[in-house]
Each structure stands twice: as C-alpha cells, then as structure tokens.
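[1] pasted the sequence and its predicted model underneath.
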Amino acid sequence: MKRGKWIAKVLMMVALGIVAVAAFTLITMYLWNGLVPVLFNGPVISFWQTLGLLVLSKIFFSGFGGRNHGGHRWKGYWRERWQNMSPEDRERFKQKMKDKWCYREPVAPSEERTTNV
C-alpha cells in the first residue's frame, strides 16, 4: 500500500474516533441535562464536564487495562479445581468458606436496666 493512502486511512480513523467520542459525549450531556435537573434537582453540566464524567466512570468501572480484568483470570482456575474435587472435598470446602465468611458472633440477650427517675 502506498504511504499516502496509509496516512489518509489513519487520519480518517482518528477523525471518526473524535466524531464518535464527541457524539457520545453530546448524547450523554443531553440525557443528563434533560433528566437529572428535573428528577433530582441536580446541576446542568457542560460538554467538558460530561466528557470528564465519562472518563472518570471509565477509570472507576473498567480500569486502565484491556479486557482481562483482575478476577476473570482466576475463573478458569477455580472452575477446574472445583470439577476435580470429590463430593467430600466440595462439602469440606463449602463448610470452610461458610465458617470463614458467614460466622456471626451470637448476641447475648441484653439485660434490662432499671433507671431511677
């Protein structure tokens, strides 16, 4: 492929990316400004504030990495390990997890206090 065509395609993709981000931001801004002030008495936000909220939510909810989020890499490991356990081992594992994570200290009945008024 000629160098000029390659550069033109890259520039076209960058331009389409910018247009897509701007359109998504505008749609989000119009939805926010149409709903949040009326329903929740919230603020009206600008384009740049909307873009900032979208970037912040991306960071909070998906992180910086690719598609392999932290917990997913262990999913196959634990599935294989569970399938290789005997029924007795599974019950022992369930009980151990229940004891570790579901234990609650029994609450002693409170003593009635009499106050002299």
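    That came through, no problem.
[2] next helix or strand past the host helix or strand of Met13?
    Using DSSP states H and E, Met13 sits within helix 3-40. Once the chain leaves helix 3-40, the next helix or strand it forms, by DSSP H and E, is helix 47-62.
[3] other residues contacting that following helix?
    21, 24-26, 28-29, 32, 45, 69 (CB atoms under 8 Å, 6 or more residues apart in numbering). C-beta: built from backbone N, CA, C; applies to glycine.
[4] one more time with 6 Å
    25, 28-29 (CB atoms under 6 Å, 6 or more residues apart in numbering).
[5] can I get that helix as PDB, trimmed to CA atoms?
    Output in PDB follows, covering the C-alpha atoms of helix 47-62 (Å, rounded to 0.1, in the frame of the first residue of the first chain):
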ATOM      1  CA  PHE A  47     -19.700  19.300  27.300                       C
ATOM      2  CA  TRP A  48     -16.300  19.200  29.000                       C
ATOM      3  CA  GLN A  49     -17.800  18.300  32.400                       C
ATOM      4  CA  THR A  50     -19.700  15.400  30.600                       C
ATOM      5  CA  LEU A  51     -16.500  14.200  29.000                       C
ATOM      6  CA  GLY A  52     -14.700  14.400  32.300                       C
ATOM      7  CA  LEU A  53     -17.500  12.300  33.900                       C
ATOM      8  CA  LEU A  54     -17.300   9.700  31.100                       C
ATOM      9  CA  VAL A  55     -13.500   9.400  31.500                       C
ATOM     10  CA  LEU A  56     -13.900   9.200  35.300                       C
ATOM     11  CA  SER A  57     -16.500   6.500  35.100                       C
ATOM     12  CA  LYS A  58     -14.300   4.500  32.600                       C
ATOM     13  CA  ILE A  59     -11.500   4.700  35.100                       C
ATOM     14  CA  PHE A  60     -13.700   3.700  38.100                       C
ATOM     15  CA  PHE A  61     -15.600   0.900  36.400                       C
ATOM     16  CA  SER A  62     -13.200  -0.600  33.900                       C
END
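[6] gap between that helix and the chain center?
    13 Å (CA atoms, centre = their mean, to the nearest Å).
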